[in-house]
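Engineer: Sharing a model prediction with you, sequence too.
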Amino acid sequence: MKKILLSSSAFVAALVLHASYFVIQAKTLAERWAMTNETNYIQFYVERSEYLIGASYALAIGFSVFALLRFLETRKKGFAGLVGGITLTGVLYVAGCFLLGCCGSPMLAVYLTLFGSSFLGFTKLLTFALTLSSIVVGYIWMERKSLPETDCCEGEEECKPT
């Protein structure tokens, strides 16, 4: 119960932090360039599908907290899952950042040239889907590794734990 509560809290905190950062950046940019009257930045956050990126960050952080708590619970078995989960998440975010063009990569210009501006909304959904699927696989892998193995011989009615 403690793992779920702390993981959920980390998820919510990361999502709120991402939304807050986006709102502050949008407000600062809008004040610089145009006079705006009562712009709803949360609506702008949702319209631009930035919540998918925020949810991706939040899922990764929530799962990392879950894996860390799992590691602390079972130190020997959990270390590989923790390192593997953080490494996989890190690789996904670097790749996602490169694919989105948010870290200075030239992919934004490539997407605009090849697919037009409508394709850019698809990459946020793809990043979220990749993050969610990697977390589901990571969770299943962690749960599978935590099950006790049994040694059953044919013809025996009871299995002997190893």
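Structural biologist: Okay, I see it.
Engineer: wait, isn't residue 6 in contact with residue 69?
Structural biologist: Yes: with contact defined as CB atoms under 8 Å, residue 6 counts as touching residue 69 (6.3 Å). Using the backbone N, CA and C atoms, a C-beta is placed for each residue, glycine as well.
Engineer: joint contacts of the two?
Structural biologist: With CB atoms under 8 Å, 6 or more residues apart in numbering applied, the contact sets of residue 6 and residue 69 do not overlap.
Engineer: Buried residues of the strand or helix carrying residue 135, list them for me.
Structural biologist: Assigned by DSSP states H and E, residue 135 belongs to helix 120-146. Residues of helix 120-146 classed as buried by neighbour count (16 or more other CB atoms under 10 Å): 120, 123, 124, 127, 128, 130, 131, 134, 135, 138, 139, 142.
Engineer: packing partners for the longest helix belonging to the chain?
Structural biologist: Secondary structure of the chain per DSSP state H: the longest helix is helix 2-33. For helix 2-33, the contact count by 3 or more CB pairs under 8 Å, 6 or more residues apart in numbering; DSSP states H and E identifies helix 41-47, helix 50-73 as packing neighbours.
Engineer: Please list all residues in contact with the closest residue to residue 4 other than its chain neighbours.
Structural biologist: Spatial nearest neighbour of residue 4, excluding adjacent residues (CB to CB, 6 or more residues apart in numbering): residue 66 at 7.9 Å. Residue 66 makes contact with 3, 4, 6, 7, 139, according to CB under 8 Å, 6+ apart.
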